[in-house]
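Visitor: Sharing a model that was predicted from the sequence below.
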Amino acid sequence: MRQATSGWGSGLLGVVIFSGSLPATRVAVGGFTPLFLTSARAVIAALLGAGLLVLLKQRSPARSDMASLGIVALGVVVGFPLLTALALQHVTSAHSIVFIGLLPLATAIFGVIRGGERPKPAFWLLSVIGSAAVAGFALAQGGATSLTGDLLMVAAIVLCGLGYAEGAVLSRRLGGWQVISWALLLALPAMAIIAAVTVPDGWSGIALPAWIGLAYVSVFSMLVGFVFWYRGLALGGIAGVSQLQLLQPFFGLALAGVLLGEPVAWQMVVVSALVVLCVAGAKRFA
């Protein structure tokens, strides 16, 4: 019980960190191309992860783990960052919340397929209700739609859910921060080449907010958040802890209200309360 509780706490902290990812990406693509942004964030995070691995004298993963690390790299190092960066050129970050609401369900499904978990039927009902509540709230907020952007977001969610579940399974053997660090290193050669090829022609025209967005997604979204997230999934269970992602949009909106002075609508409070109940129920039945 103590281990599961620790896992849920760690997962919640990871979700709080991830809540700034899409807004930061939206800002960053205003100064960088999606390909450069995706590759640069991976290179920066890989160098930081390599430093941690060397400093803490971590053993190399077994050869049998390389395929799973490749899936993690494909899903969360390359696939999700690139596809969301491309999608956010066609849709707003607010509209993308519709699809982020489906990520917990996708992660839970892959948790069953890759992690061998068997949640109770009530869990799936609560997961669907929570996902529908988040998606419905996002749709009610309006925002530009685009078939291209929507398809890119769907692909991003599928790859991310797979990467989350695969990484959680590996974390039970290797540790959370070790998994994302090794996955980043595995993708480093390809990402470094892409970054070199897509480097901006000039740096003077890139505004400060774009640099801040790049820094956030490189350090927090790509590395620090995963330290807590993979640990949470491994200790608390993939299917159950993944439902914490339902809270991510509301954390983002709450931060916008506190830091940017944006109004917080009563609908947000009501839907947030419903989502909290769904997450609490999912924790019980996972």
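Guide: Okay, I see it.
Visitor: Can you name the next helix or strand after the helix or strand encompassing residue 189?
Guide: Assigned by DSSP states H and E, residue 189 belongs to helix 176-197. The element immediately downstream of helix 176-197 (helix or strand, assigned by DSSP H and E) is helix 208-216.
Visitor: quick revisit: flag every buried residue along the helix holding residue 189.
Guide: 176-188, 191-192, 194-195 (16 or more other Cβ atoms under 10 Å). Where you see a C-beta, it was placed from the backbone N, CA and C, and this is true even at glycine.
Visitor: Does residue 274 touch residue 133 like I think?
Guide: Yes - Residue 274 is within contact range of residue 133, at 5.2 Å (criterion: Cβ atoms under 8 Å).
Visitor: out of these two, which sits in the more crowded spot?
Guide: residue 133 (20 against 17; other Cβ atoms under 10 Å).
Visitor: ok, the closest residue to residue 211 other than its chain neighbours - contacts?
Guide: What sits nearest to residue 211 in space, not counting adjacent residues and going by Cβ to Cβ, 6 or more residues apart in numbering, is residue 31, at 7.2 Å. Counting by Cβ atoms under 8 Å, 6 or more residues apart in numbering, residue 31 makes contact with 200, 205, 206, 207, 209, 210, 211, 213, 214.
Visitor: Repeat the analysis, applying 10 Å as the threshold.
Guide: Residue 31 sits next to 37, 200, 203, 205-214 when contact means Cβ atoms under 10 Å, 6 or more residues apart in numbering.
Visitor: repeat for residue 239
Guide: For residue 239, the contact set (Cβ under 10 Å, 6+ apart) comprises 104-105, 107-112, 115, 117-120, 123-124, 127, 165, 168, 233, 282, 285-286.
Visitor: Can you get me the centre-to-centre distance for the helix or strand that it is a member of and its chain?
Guide: Per DSSP H and E, residue 239 falls inside helix 238-242. Distance of helix 238-242 from its chain centroid, counting by Cα atoms, centre = their mean, to the nearest Å, is 14 Å.
Visitor: before we move on, the earlier item: report the buried members of the contacts of residue 239.
Guide: 104-105, 107-111, 115, 117, 119, 123-124, 127, 165, 168, 233, 282, 285-286.
Visitor: These in helices, which ones?
Guide: Those of the buried ones among the contacts of residue 239 mapping onto helices are 104-105, 107-111, 115, 123-124, 127, 165, 168, 233, 282, 285, per DSSP state H.
Visitor: Tell me the buried residues in stretch 59-72?
Guide: 61, 65, 68, 69, 71, 72.
Visitor: Go through these and flag which are in helices.
Guide: The helices, defined by DSSP H, take in 68, 69, 71, 72 from the buried residues of stretch 59-72.
Visitor: is it true that residue 134 touches residue 248?
Guide: Yes - using Cβ atoms under 10 Å, residue 134 makes contact with residue 248 at a distance of 8.6 Å.
Visitor: and stretch 239-255, average pLDDT?
Guide: Average pLDDT, stretch 239-255: 78.
Visitor: ok now that stretch, how far from the chain's centre?
Guide: Worked out by Cα atoms, centre = their mean, stretch 239-255 lies 10 Å from the chain centre.
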